[in-house]
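Undergrad: Predicted model and sequence below, questions to follow.
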Amino acid sequence: MYCNFCGRTMPDDALYCSACGRQLGTRVARRPLERAREGRKVAGVCMGLARHLDVDVTLIRLLTLVVALFTGGMGCIAYLVGWIVIPEEPIYAPQAQVVQPQSGPPMP
Ligand SMILES: [Zn+2]
(Lines give C-alpha, C1' and ligand atoms only; values in the text may rest on other atoms or scores of the structure.)
Protein backbone atom coordinates (compact mmCIF):
# COMPACT_ATOMS: atom_id res chain seq x y z
CA MET A 1 0.00 0.00 0.00
CA TYR A 2 1.21 3.50 -0.81
CA CYS A 3 0.36 6.66 1.03
CA ASN A 4 -1.72 8.82 -1.29
CA PHE A 5 -0.24 11.98 0.16
CA CYS A 6 3.50 11.40 0.41
CA GLY A 7 3.85 8.33 -1.77
CA ARG A 8 5.77 6.21 0.72
CA THR A 9 5.24 2.49 0.94
CA MET A 10 3.31 1.39 4.02
CA PRO A 11 2.44 -2.06 5.29
CA ASP A 12 -0.96 -3.23 4.10
CA ASP A 13 -2.43 -3.31 7.61
CA ALA A 14 -1.31 0.21 8.46
CA LEU A 15 -4.15 2.59 9.26
CA TYR A 16 -2.11 5.77 9.23
CA CYS A 17 0.96 6.84 7.32
CA SER A 18 3.97 6.84 9.62
CA ALA A 19 5.62 9.60 7.60
CA CYS A 20 2.87 12.19 7.24
CA GLY A 21 0.21 10.85 9.61
CA ARG A 22 -2.61 10.81 7.09
CA GLN A 23 -5.21 8.09 7.19
CA LEU A 24 -4.55 5.31 4.76
CA GLY A 25 -7.10 3.44 2.72
CA THR A 26 -10.79 4.06 2.83
CA ARG A 27 -12.99 3.70 5.84
CA VAL A 28 -15.80 1.21 5.65
CA ALA A 29 -18.73 3.08 4.21
CA ARG A 30 -21.81 3.36 6.34
CA ARG A 31 -24.59 1.09 5.24
CA PRO A 32 -27.42 2.89 3.49
CA LEU A 33 -30.63 3.35 5.42
CA GLU A 34 -32.81 0.58 4.14
CA ARG A 35 -35.11 -1.96 5.69
CA ALA A 36 -33.42 -5.25 6.41
CA ARG A 37 -34.69 -8.45 4.91
CA GLU A 38 -32.94 -10.79 7.30
CA GLY A 39 -33.43 -10.79 11.05
CA ARG A 40 -36.37 -8.41 11.01
CA LYS A 41 -39.35 -8.65 13.31
CA VAL A 42 -41.98 -6.58 11.54
CA ALA A 43 -40.81 -4.60 8.55
CA GLY A 44 -37.08 -4.33 9.17
CA VAL A 45 -37.20 -0.63 10.07
CA CYS A 46 -35.41 -1.07 13.42
CA MET A 47 -32.92 -3.51 11.93
CA GLY A 48 -32.15 -1.21 9.02
CA LEU A 49 -31.78 1.78 11.34
CA ALA A 50 -29.50 -0.20 13.67
CA ARG A 51 -27.31 -1.28 10.77
CA HIS A 52 -27.20 2.24 9.40
CA LEU A 53 -26.18 3.71 12.75
CA ASP A 54 -23.97 0.71 13.57
CA VAL A 55 -25.65 0.13 16.93
CA ASP A 56 -27.33 -2.88 18.53
CA VAL A 57 -30.72 -3.63 17.03
CA THR A 58 -32.12 -4.45 20.47
CA LEU A 59 -31.34 -0.91 21.59
CA ILE A 60 -33.24 0.54 18.63
CA ARG A 61 -36.20 -1.79 19.27
CA LEU A 62 -36.34 -0.85 22.94
CA LEU A 63 -36.11 2.81 22.05
CA THR A 64 -38.88 2.45 19.49
CA LEU A 65 -41.07 0.63 21.99
CA VAL A 66 -40.46 3.23 24.70
CA VAL A 67 -41.17 6.06 22.28
CA ALA A 68 -44.30 4.30 21.08
CA LEU A 69 -45.56 3.79 24.63
CA PHE A 70 -44.80 7.27 25.92
CA THR A 71 -46.00 9.25 22.93
CA GLY A 72 -49.41 7.64 22.70
CA GLY A 73 -49.03 6.03 19.32
CA MET A 74 -46.72 8.58 17.73
CA GLY A 75 -43.95 5.99 17.73
CA CYS A 76 -46.21 3.58 15.89
CA ILE A 77 -46.95 6.24 13.30
CA ALA A 78 -43.23 6.98 13.02
CA TYR A 79 -42.60 3.29 12.47
CA LEU A 80 -45.28 3.16 9.78
CA VAL A 81 -43.78 6.23 8.11
CA GLY A 82 -40.39 4.54 8.21
CA TRP A 83 -41.96 1.42 6.73
CA ILE A 84 -43.29 3.47 3.83
CA VAL A 85 -40.38 5.87 3.34
CA ILE A 86 -37.33 3.66 3.90
CA PRO A 87 -36.68 1.44 0.90
CA GLU A 88 -36.27 -2.27 1.38
CA GLU A 89 -32.76 -3.51 0.84
CA PRO A 90 -32.17 -5.16 -2.51
CA ILE A 91 -32.15 -8.91 -2.73
CA TYR A 92 -28.60 -10.07 -2.82
CA ALA A 93 -28.73 -12.87 -5.31
CA PRO A 94 -26.09 -15.52 -4.79
CA GLN A 95 -23.40 -15.26 -7.37
CA ALA A 96 -23.96 -17.67 -10.18
CA GLN A 97 -21.40 -20.39 -10.02
CA VAL A 98 -20.13 -21.82 -13.23
CA VAL A 99 -20.57 -25.55 -12.98
CA GLN A 100 -17.63 -27.21 -14.57
CA PRO A 101 -18.47 -30.53 -16.16
CA GLN A 102 -16.49 -33.23 -14.47
CA SER A 103 -13.96 -34.93 -16.62
CA GLY A 104 -14.47 -38.62 -17.06
CA PRO A 105 -16.61 -41.03 -19.00
CA PRO A 106 -19.77 -39.45 -20.43
CA MET A 107 -22.98 -40.17 -18.58
CA PRO A 108 -25.20 -42.66 -20.29
ZN1 LIG B 1 2.16 9.76 3.99
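TA: It's in.
Undergrad: Looks to me like Arg61 is in a helix.
TA: Yes: checked against DSSP: H, G, I helix; E, B strand; the rest coil, Arg61 lies within a helix.
Undergrad: Quick check, pLDDT for Pro94.
TA: Looking at Pro94, its pLDDT is 64.
Undergrad: cool, the one 10 residues further on as well?
TA: Model confidence at Gly104, given as pLDDT, is 66.
Undergrad: Likewise for the one 3 residues further on?
TA: In the predicted model, Met107 carries a pLDDT score of 65.
Undergrad: residue ranges for the helices of the protein, please.
TA: Using DSSP state H, the helices found in the chain span residues 45-53, 57-70, 74-85.
Undergrad: Most tightly packed of those?
TA: When those are scored by mean count of other C-beta atoms under 10 Å, the highest mean neighbour count falls to helix 45-53 (a mean of 21). Where C-beta positions appear, they are placed from N, C-alpha and C, glycine not excepted.
Undergrad: For that helix, the averaged confidence score.
TA: On average, helix 45-53 scores 82.
Undergrad: contacts for that helix?
TA: The contact list for helix 45-53, computed with C-beta atoms under 8 Å, 6 or more residues apart in numbering, reads 30-36, 39-41, 56-57, 59-61, 64, 79, 82-83, 86, 89.
Undergrad: List the residues that contact the residue most central in space within the chain.
TA: Closest to where the C-alpha atoms of the chain average out (C-alpha atoms, centre = their mean) is Arg31, at 3.9 Å. Arg31 is in contact with Arg51, His52, Asp54, counting by C-beta under 8 Å, 6+ apart.
Undergrad: mind putting those in CSV, distance to the ion included?
TA: Shown next, in CSV, are the contacts of Arg31 (distance: C-beta to the ion, whole Å):
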residue, distance to the ion
Arg51, 33
His52, 32
Asp54, 28
